[in-house]
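Visitor: Just to be clear, the model below is a prediction. Sequence and coordinates:
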There are 2 protein chains.
Amino acid sequence: MGLGVSGKDRALISPEAARLSFREGLACPTAGWSAGFAQANLMILPREFAFDFMLFAQRNPKACPLLGVLDAGETTGPLLGGAGDIRSDVPRYTVYRQGELVDEPTNITGYWREDLVTFLIGCSFTFEHALQQGGIRMAHIDQGVNVPMYRTNRECVPAGRLSGPLVVSMRPVPAAQVADAVRITSRYPAVHGTPVHIGQPEELGIADLAQPDYGDAVRIPPGHIPMFWACGVTPQAAVVEARLPLAIGHAPGRMLITGALDSQYQVP
Amino acid sequence: MGLGVSGKDRALISPEAARLSFREGLACPTAGWSAGFAQANLMILPREFAFDFMLFAQRNPKACPLLGVLDAGETTGPLLGGAGDIRSDVPRYTVYRQGELVDEPTNITGYWREDLVTFLIGCSFTFEHALQQGGIRMAHIDQGVNVPMYRTNRECVPAGRLSGPLVVSMRPVPAAQVADAVRITSRYPAVHGTPVHIGQPEELGIADLAQPDYGDAVRIPPGHIPMFWACGVTPQAAVVEARLPLAIGHAPGRMLITGALDSQYQVP
């Protein structure tokens, strides 16, 4: 598999082949790749901070749903198939030292240490796919922008050195489909689940929907209600603010494509 | 609330009052207490083993569903209300050193250390209540014995120092109600969830249902199918076998009564 992959090929490519493309250096966003397979947010931390991170995840499961954890020094695991390598198979990484972004490499083999623990965190791509299959259009996709995200006035439950505000993503949904959007996403508790708020952004401390803290503003079509879901940026923000000596994540929109089916995360 | 509590009172007593009774020294089983409130298995470990335990739980969520975690030194938390104390509010504890049971006190204040981390783990009482409300009788309750539990031939996914077999509990269910029992328990992923096996104990390596490894044998009524659920004894067995220097659990059937409603753990 070379670097040129067409749209249709992207959707049909296997997770293994997709990861191989990224390992070879392709650094593009992963939206639309390997349809039906779950993508994951990445967080890699030194072992000494790993318990705090797991505690933060356990206490804030909507914002930080753990799909898998590789123990210290492990570079592959069930979500990566047998041959995956977490040091090379994500299109682009972000490397933070003391909370400052210092590098955005396509490979972190040079940063690897035996005490690094990898956390794979559920991603909204999974529930967006389910919403679309339920006939609910994603405004940010229609408008060709990233989903808008906002820091809220709700504090996460702190854990050790980690604390910070709940970050939410916003999707405007036609009023007639709001109930359906709740019903569908409620079936995916492992990927942010039920919305945390519907309809009154000011109650979350969001003064202006047109000015997101992350991602892009999205135009709210007439008759649409803004719906808010807990967002995987929440733990990233907490880790950055804790100014840990080293933290490695994925670059925005460049996720790990796992071998797990989206449907595995659906509850009855 | 004194030490004498009648059956009806037990069901109606608030979690706070129940915990106060246990703090005062009452050491009885908690089955039937504080109807509608979730009870939890207990595991208390030194901080240095806490990450391994969380990793084990994350990798074996059906056997080890974490409802809450108190950080090192914390003695109360949301599941204990404002005034609860994990050192005194469980009826009876088990204290292990190097994997050997050395004490079964009603209070662990004398064992407490600032590096102890408390894990609260979902308990089958929650889904048994839901099954009973769905018209499915619990044979072990009808027969007045503890639920039978078996070590299986399925290995848990190991994590650090922790490994061991999946332990299952068995409940015989009338064939006509097996599908209902699956449907009902599937709605409780936080308390063991969907059964791991139905109908062929030998496939789990269980040679004789009449000889459980833990709990009591239960007579299987005619026309009933044995159904197997992952059991909270699984992580206890793994911890004991790891021969950690110190581990504290609850005595069998003497759980923590939490302030969380059983219904909070039900998914749509």
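Guide: Happy to help now that I have it. Just so it is clear, the structure is predicted and the values come from calculations on it, not from any experiment.
Visitor: mind listing the strands for chain A?
Guide: Here chain A has its strands, by DSSP state E, at A:37-46, A:66-70, A:93-97, A:100-103, A:116-122, A:149-155, A:165-174, A:197-198, A:224-230, A:247-250, A:256-261.
Visitor: low-confidence ranges in chain A?
Guide: Applying pLDDT under 70 to chain A picks out residues A:1-5, A:7.
Visitor: Near chain B, which residues of chain A are found?
Guide: Within chain A, the residues that sit near chain B (CB under 8 Å from any CB of the partner chain) are A:47, A:50-51, A:54-55, A:58-59, A:66, A:68-69, A:71, A:159-160, A:183, A:186-187, A:189, A:267-268. Bear in mind the C-beta positions are built from the backbone N, C-alpha and C, glycine included.
Visitor: Distance of residue A:251 relative to chain B?
Guide: Per CB to the nearest CB, to the nearest Å, residue A:251 is found 25 Å from chain B.
Visitor: Neighbours of that residue, how many?
Guide: Number of residues near residue A:251 (other CB atoms under 10 Å in any protein chain shown) recorded here: 18.
Visitor: check contacts around it.
Guide: The neighbours of residue A:251, taking CB atoms under 8 Å, 6 or more residues apart in numbering or on different chains as the test, are A:27, A:91, A:92, A:93, A:94, A:104.
Visitor: Could you export those residues as CSV, including neighbour count and distance to residue A:252?
Guide: CSV is the format used below for these (neighbours: other CB atoms under 10 Å in any protein chain shown; distance: CB to CB, whole Å):
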residue, neighbour count, distance to residue A:252
A:27, 17, 12
A:91, 24, 11
A:92, 19, 9
A:93, 23, 11
A:94, 21, 8
A:104, 12, 10
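Visitor: Just list the residues touching the residue nearest to residue A:63 when sequence neighbours are not counted, thanks.
Guide: If the residues on either side of it in the chain are set aside, residue A:63 comes closest to residue A:234, at 3.6 Å by CB to CB, 6 or more residues apart in numbering or on different chains. Going by CB under 8 Å, 6+ apart, residue A:234 touches A:60, A:63, A:64, A:156, A:164, A:165, A:166, A:167.
Visitor: what's the spacing between residue A:234 and residue A:149?
Guide: To residue A:149, residue A:234 is 9 Å away according to CB to CB, to the nearest Å.
Visitor: what's the overlap in contacts for the two?
Guide: With CB under 8 Å, 6+ apart as the test, residue A:234 and residue A:149 both reach residue A:167.
Visitor: re the thing from before, return the distance of the residue nearest to residue A:63 relative to residue A:155.
Guide: Applying CB to CB to residue A:234 and residue A:155 gives a distance of 11 Å.
Visitor: for the stretch 51-200 of chain A, what spans make up the helices?
Guide: A:125-133, A:139-142, A:178-186 (DSSP state H, counting those that start in this stretch).
Visitor: Tell me which other helices or strands the second one touches.
Guide: Right, the one you point to is helix A:139-142. Identification of packing neighbours for helix A:139-142 by 3 or more CB pairs under 8 Å, 6 or more residues apart in numbering or on different chains; DSSP states H and E yields strand A:165-174.
Visitor: Check which helices and strands the strand it packs on is in contact with.
Guide: helix A:139-142, strand A:149-155, strand A:224-230, helix A:233-241.
Visitor: Dump the ones you listed into a markdown table; add distance to residue B:78 as well.
Guide: Converted to a markdown table, the helices and strands packed on strand A:165-174 look like this (distance: least, CB to CB, whole Å):
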| stretch | distance to residue B:78 |
| --- | --- |
| helix A:139-142 | 34 |
| strand A:149-155 | 14 |
| strand A:224-230 | 18 |
| helix A:233-241 | 19 |
